[in-house]
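In: mind looking at a prediction? Sequence and model below.
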Amino acid sequence: MNKSHGVEYTDESYAITARAVKFDWTDVPLQYIPNDWYATHFWNVMHLVLPEGERAMADVFARALTLIDDRRLHEEVVGFVGQETTHAASHESFRDYLRTHGVDVDPVLTRIGYAVDVVFGDHGLRGRAGRAWLHERLGIYAAAEHFTAVVGEWLLDNAEFDRIGVDPTMLDLLRWHGAEELEHRNVAFDAYQYVDGGYFRRVRTAVIASAGLALLWFTTASHLYRDRVATPAPTRRGYFSGRARTPWPLAFARASRRHLIPGLSFLFVQLALYVRPGFHPSSMGNIDKAVRYLALSPAAVAAQQ
Ligand SMILES: [Fe+2]
Ligand SMILES: [Fe+2]
């Protein structure tokens with residue numbers, strides 16, 4: 001049983017609270033997934049793309065709060081906004097590390113800034129049009145939250161990371177974030193259902209969200225991966241010390257075969273699950289593993305002290 005602001009929850013809807021975690025990147029190797037640059041860059045996309053995306057999502061859900069009268073859901077959305085804001089700050093802290101190691105992050109930041117501020121911004125819409133656009137964005141972010149929750153579970157379950165010795169600080173960031181995504185997996189969906197609940201909007205926005213995430217992820221990971229291949233800069237130690245000879249689609253296939261990233265079928269399977277008419281995130285299995293991880297996560301434990 002969890003407790004927050006005097007409200008106790010006894011079923012799966014745990015009280016959602018932000019944890020003030022901190023990570024020290026000093027001893028983390030640039031290739032934090034041993035012997036796999038593509039997999040390392042695939043997860044680097046989280047550091048580069050998620051902060052803006054999570055802040056924009058937190059902003060949209062904070063706006064929706066005025067439309068949510070249900071006290072418990074209102075409180076969950078407040079906790080959800082707090083968690084997403086903390087996620088954004090935690091990933092952002094790794095950007096400086098990437099920059100100082102010669103990773104070309106600025107084109108990625110320009111692209112995500114455009115996507116979030118221009119494409120998915122509020123466009124200055126008011127009245128009915130503003131309300132409809134808010135509902136659409138709630139649908140898109142609710143679908144995106146399904147993917148973050150299932151990827152979070154994938155990260156928690158992945159024993160291969162432990163077997164090959166992924167850097168423990170980075171692994172804690174990935175799993176702490178993944179655990180909180182699993183922990184709050186119901187919130188965005190419930191908020192969307194409460195504010196709008198339209199099935200066709202849910203399907204449409206799920207297709208938009210999955211296509212957008214896939215496009216953003218693949219273009220960003222391949223940019224980071226290719227940049228390493230193309231730039232002959234021997235002074236930047238570690239980063240350019242080896243030449244990748246494998247084209248990125250093959251590197252992607254190899255990394256997913258090694259179970260270091262989810263495969264392409266994962267995306268389609270999860271999209272198909274999400275668009276089922278009776279879908280609810282709680283039908284995806286229990287979230288005990290998230291609660292267990294958060295009780296042991298070095299960053300989460302330190303945040304409580
Ligand atoms: Fe998040
Ligand atoms: Fe989330």
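Out: Alright, I've got the coordinates. Note that this is a predicted model, so its numbers are computed, not measured. Ligands and ions are numbered 1, 2, ... in the order given.

In: how close does the closest residue to ligand 1 within the stretch 1-150 of the chain get to residue 205?
Out: Nearest to ligand 1 in the stretch 1-150 of the chain, going by C-beta to the ion, is residue 87, at a distance of 3.6 Å. The way it works is simple: take the backbone N, C-alpha and C, and place the C-beta from them, glycine included. Distance of residue 87 to residue 205, computed by C-beta to C-beta, to the nearest Å: 21 Å.

In: dihedrals phi and psi, residue 18?
Out: Dihedral angles of residue 18 (phi, psi; degrees, to the nearest 10) stand at phi -80, psi 140.

In: is it true that it touches residue 78?
Out: No: the criterion here is C-beta atoms under 8 Å, and residue 18 misses it with residue 78 at 9.6 Å.

In: which helix or strand contains the residue of the stretch 1-150 of the chain closest to ligand 1?
Out: Counting by DSSP states H and E, the element that carries residue 87 is helix 71-100.

In: likewise for residue 193?
Out: Counting by DSSP H and E, residue 193 is found in helix 185-195.

In: likewise residue 273?
Out: Using DSSP H and E, the element containing residue 273 is helix 264-274.

In: other SSEs contacting that helix?
Out: Helix 264-274 sits against helix 127-157, helix 199-230, with contacts defined as 3 or more C-beta pairs under 8 Å, 6 or more residues apart in numbering; DSSP states H and E.

In: hmm, back to that, the helix holding residue 193 near ligand 1 at all?
Out: No: Helix 185-195 lies apart from ligand 1 when judged by C-beta under 5 Å from the ion; the minimum separation is 10.2 Å.

In: send me that helix as PDB with only the CA atoms.
Out: Extracted in PDB, the C-alpha atoms of helix 185-195 (Å, rounded to 0.1, in the frame of the first residue of the first chain):
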ATOM      1  CA  ARG A 185       1.300   3.400 -16.800                       C
ATOM      2  CA  ASN A 186      -2.400   3.900 -16.100                       C
ATOM      3  CA  VAL A 187      -2.300   7.600 -15.500                       C
ATOM      4  CA  ALA A 188      -2.100   9.100 -19.000                       C
ATOM      5  CA  PHE A 189      -4.500   6.500 -20.400                       C
ATOM      6  CA  ASP A 190      -7.000   7.100 -17.600                       C
ATOM      7  CA  ALA A 191      -6.700  10.900 -18.100                       C
ATOM      8  CA  TYR A 192      -7.300  10.500 -21.800                       C
ATOM      9  CA  GLN A 193     -10.300   8.300 -21.200                       C
ATOM     10  CA  TYR A 194     -11.700  10.700 -18.600                       C
ATOM     11  CA  VAL A 195     -11.300  13.900 -20.800                       C
END
